[in-house]
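Participant: Structure of the sequence below:
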Amino acid sequence: MKPPLLVNAWHPLPAGYAPGGLSPALPGSQVLLESGCAAALAALVKSAGGEGRIVAVSGYRPHSEQLALWEEVLRDKGEAFTRRYVALPGCSEHETGLAIDLALDDGSEIDFIRPYFPYDGICAEFRAKAAEFGFIERYQAGKEPVTGIAAEPWHFRYVGAEHARRIAALGLALEEYVLQFNRRSPE
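Facilitator: Numbering: from 1, shown residues only. As a prediction, the model looks like this:
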């Protein structure tokens, strides 16, 4: 078994990386994800009872879109905010097709950069089942020094069920898990 792909400011996407086939993140959504990831997300949302209540905000972004987003947020919100909440182009999980930003559809306007995805109700049910379907909450509070990104309770990453269960059980950030995974002796 290989470790999950690690993408961050210290581990940019490999040159020429392209995600597999893309599909709507959730039924009826314009947001795209890698097809296997999209199927797992739809099954997770259904299992959590979140259909119509949990919505996809942002999934796959081509490099050009990530660059445009970086530049727009930098212009509108400044460098400190941008570095906390927007990954550098080429260093964004959204460019893999394996990352999804979600929101609880409560009828209010959804913030594209920081969508509302609380830790209670249907969102808590989603989190409780996430690892079973291969997802981790990628940027947890307290892990900012390790990830380089502020806590983002709305950002989930597909790593596959086996990795997700291990990551959740160990309470690790993906960076910590990949380092530990690569250090272990061959089986």
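Participant: so where do the strands sit in the protein?
Facilitator: Assigned by DSSP state E, the chain shows strands spanning 22-24, 32-34, 54-58, 99-104, 135-139, 152-158.
Participant: Paired strands for the second one, with orientation please.
Facilitator: Just to be clear, that refers to strand 32-34. strand 22-24 (antiparallel) (DSSP bridges).
Participant: Mind listing residues that contact the partner strand?
Facilitator: Residues outside strand 22-24 that contact it (CB atoms under 8 Å, 6 or more residues apart in numbering) are 30-35, 38-39, 60, 97. Every C-beta, even on glycine, is put in place using the N, C-alpha and C of the backbone.
Participant: let's see it at 6 Å
Facilitator: Residues outside strand 22-24 that contact it (CB atoms under 6 Å, 6 or more residues apart in numbering) are 32, 35, 38, 60, 97.
Participant: Equivalent analysis for stretch 91-99, please.
Facilitator: By CB under 6 Å, 6+ apart, the list of residues contacting stretch 91-99 reads 7-9, 12-13, 19, 22, 33-34, 37, 60-61, 63, 66, 157-158.
Participant: rewinding a little: just the buried residues from the contacts of strand 22-24, in ChimeraX please.
Facilitator: Selecting only the buried entries of the contacts of strand 22-24 in ChimeraX, with 16 or more other CB atoms under 10 Å as the criterion:
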select :32,38,60,97
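Participant: Let me know the closest of the contacts of strand 22-24 to residue 178.
Facilitator: residue 97 (18.6 Å; CB to CB).
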